[in-house]
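Engineer: compute the structure for the input listed below.
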Amino acid sequence: MTKLPVLSAHKVIKALGSAGFQVVSQKGSHINLKIVILQKSHNLRCVEVK
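Structural biologist: Take a look at the predicted model:
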């Protein structure tokens, strides 16, 4: 099986932004994102893994 590429946090946030996610807040390496689908808000929390 082929290994998946390593992506930087910046590229992931940019891709999620293109998909409609918005950065709500950031504290250190933790970024909270939000997306609104059919008038309902969904939250996603991204954590940098080293």
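Engineer: the most centrally placed residue in the chain in helix, strand or coil?
Structural biologist: Note on the chain: the residue nearest the mean C-alpha position is Ile13, at 4.6 Å, using CA atoms, centre = their mean. Of the three states, Ile13 takes helix under DSSP: H, G, I helix; E, B strand; the rest coil.
Engineer: need the pLDDT of it.
Structural biologist: You'll see Ile13 listed with a pLDDT of 89.
Engineer: in the protein, which helix or strand is least confident?
Structural biologist: strand 40-47 (a mean of 67; mean pLDDT, DSSP states H and E).
Engineer: please enumerate the strands of the protein.
Structural biologist: 22-27, 30-37, 40-47 (DSSP state E).
Engineer: just name the most buried of those strands.
Structural biologist: Mean neighbour count, computed with mean count of other CB atoms under 10 Å, is highest for strand 30-37 among the strands of the chain, reaching a mean of 14. C-beta: built from backbone N, CA, C; applies to glycine.
Engineer: hmm, the residue nearest to the centre of the chain is touching Val23, no?
Structural biologist: Yes. Ile13 lies in contact with Val23 (CB atoms under 8 Å); the separation is 6.9 Å.
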